[in-house]
Structure formats: structure tokens, C-alpha cells
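1. Fold the following and give me the result.
(one chain, ligands or ions: 2)
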Amino acid sequence: MNTPPTSRVVLRATGLHKRFGDHAVLTGTDLEVKHGEVIVILGSSGSGKTTLIRSLNFLEMPDSGHVEVCGISVECETSARGKLERCSRGQRRQMALIRRNTAMVFQSFNLFPHLTALENVMEGPLSVQRVARDEARRRALRLLDRVALGDRGDAYPRHLSGGQQQRVAIARSLAMEPKVVFFDEPTSALDPQMRDEVLQVMKELADAGMTMLVVTHEMRFARDMADRVLFMDSGRIIHDSPADQFFKDANNDLRTRRFLGKLAV
Ligand SMILES: Nc1ncnc2c1ncn2[C@@H]1O[C@H](COP(=O)(O)OP(=O)(O)O)[C@@H](O)[C@H]1O
Ligand SMILES: [Mg+2]
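-> Ligands and ions are numbered 1, 2, ... in the order given. Below you'll find the model as predicted:
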């Protein structure tokens, strides 16, 4: 079981709206995340899971709503119409600060192909945080060790398995010392054994008290590690409950039952 969360709220989203053309994806989403919480986000394809987590760190610009991470607050004005370039300089600065306090791990790893594993992990601290090269290197070596890749620092992504690449991507996200890490289906592109090695790293991270929002179809992870499960349907969070409660209630709710039935759990 992961470390119990504290009562301190690290992320709060209120009334998030996001549409793509005519398609309203998020329609007033609210969410509160406590320090050390592990939240698993479930829902069928197209239900808005990716849009939600991308909106929380402004990889996607919400049309309206409020996002606060570690006390850094951004009010998304409707006048910006979901476009970053229409936001004021002050708002963009706040968004950049929120990005620096969060990290994202993608389904497709997104490593720089021309950099070694070690250089991938060093890149953020060097170019964004302006950390000295020696310190960035020390930090990166420590993190590669932590994801059990201490001996593969010199390898280029194309010489690593998918599971190894994803573990490098996790090390890279941790190098920026984030307060919250978002995972978007981190194991969906992997075969079972590699999935387990990545899930193991994520479990260790949860055990160490990291605040995590995880979009995944890995029900074992949800059952074993989640403090809360959110279930999304058509852009709405229709369940937000402790994991054991979620799985108990699932039998009574048709949409959840259908979803879990498709995953055969
Ligand atoms: N950049 C985009 N442009 C247009 N439509 C998008 C874009 N991103 C997502 N969508 C649409 O928004 C809906 C929700 O997508 P997404 O958040 O990716 O769902 P999920 O991650 O749950 O599969 C889908 O209908 C998808 O087609
Ligand atoms: Mg998605």
C-alpha cells in the first residue's frame, strides 16, 4: 500500500471547460488532489481523460476554469478562447510555474532519440533549471539507478526496450523534482513483462509518497495502489471514490460495470 496522503491540497481544479470545435470535452470539471495521493483515472476511450490531465498542466489550454497547483493559481479567462497566445504575460508566467511543478509521462515515452538515456534525464535540469552539469549528471545517475537502469545510461533510446524507455522517461520526469506527476496510459504500449517493470517503478514512487494522477487500464495497479479512483464518462467525472468503494459500487452502476466488463476484470 502506498504512503497515506496528507490533508494538504496540492492541486485544485474548478469548473474546467474545454472544447475542440463543436465538441465540448470537459464541461465544468472539478477536482482536488491531496499531497501524496495516488489517483487512478478510468474511463473508456474518448471520455476525456487525456484532455483532463493535459489541461491541468496547460499542455492543453482550458477554455475556462481555475487551476491551482502548490498555491500557484491560474484563472483561465474565456476571452482567451483556449489559446495560450491570447493569455496575459502574467498568466503565462503562472502556467510555466505550474508546469515546472508537474511532470508528465506519456504512453509513447517521448524520449529525445539523439540523446543517451543519461542525457535525456539531464536535459531538463540543464536547460530549464540551469543546474550545473556535474550536479545534473549526479542527479540523473541517481535517478537511473532508482528505475533500475544504472548501467544503461550510455544507451540511446533505440537500443532500449519499450519498458526501459518508459523507465528512462519516468526518471526524466523526476529529474525536474515535480510535486505532482501525471501518467497518461504509461503501460499501454508495452507487453506484459515490460508493463510489470514499469508498474513496479510506479509503485515505488507511490510508496515514496509522490502525488500521482494515473490514467490507466491496469486494474491491479488501481486496486493495489490507488487512494481514489475517478471514473470519467463523456468528459464528466461520474465517480470519485476510494478505490475499494469504487470496485464495490461498480456492480451497481451500469456504465462502470460495462467498462470493467470490457476489460474483463
Ligand atoms: N486536439 C484535439 N482536437 C480535436 N479533438 C480532440 C483533440 N484532443 C481530443 N479530442 C477529442 O476529445 C475527446 C476526448 O479525448 P481524450 O481526452 O483524448 O479522451 P481519452 O484520453 O479518454 O481517450 C475525443 O472525442 C477526442 O477525439
Ligand atoms: Mg487518452
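2. Apart from its chain neighbours, what residue comes closest to residue 4?
-> Of all residues not flanking residue 4 in the chain, residue 36 sits nearest, at 6.9 Å (Cβ to Cβ, 6 or more residues apart in numbering). No exception for glycine: its C-beta is placed from N, CA and C like everyone else's.
3. Contacts only, for that neighbour.
-> By Cβ atoms under 8 Å, 6 or more residues apart in numbering, residue 36 lies in contact with 2, 3, 4, 5, 6, 209, 210, 211.
4. now do 10 Å
-> 2-8, 10, 206, 208-212, 227 (Cβ atoms under 10 Å, 6 or more residues apart in numbering).
5. same deal with residue 159?
-> The neighbours of residue 159, taking Cβ under 10 Å, 6+ apart as the test, are 116, 117, 152, 165.
6. And it, how far from ligand 1?
-> Per Cβ to the nearest ligand atom, to the nearest Å, residue 159 is found 30 Å from ligand 1.
7. Per-residue pLDDT of that residue, please?
-> With respect to pLDDT, residue 159 scores 98.
8. Same question for residue 151.
-> Per the predicted model, pLDDT is 97 at residue 151.
9. Now that it has come up, it's in contact with residue 145, right?
-> Yes: the criterion here is Cβ atoms under 10 Å, and residue 151 meets it with residue 145 at 9.1 Å.
10. Pick out whichever of those two has more residues nearby.
-> Between residue 151 and residue 145, counting by other Cβ atoms under 10 Å, residue 145 is the more crowded of the two (13 against 9).
11. A strand includes the more buried one, no?
-> No: remark: residue 145 does not belong to a strand; assigned using DSSP: H, G, I helix; E, B strand; the rest coil, it is helix.
12. Excluding sequence neighbours, find me the nearest residue to the one residue in the stretch 51-200 of the chain that gets nearest to ligand 1.
-> Residue of the stretch 51-200 of the chain nearest ligand 1, by Cβ to the nearest ligand atom: residue 51 (3.3 Å). Among residues not flanking residue 51 along the chain, residue 25 sits closest, at 4.8 Å (Cβ to Cβ, 6+ apart).
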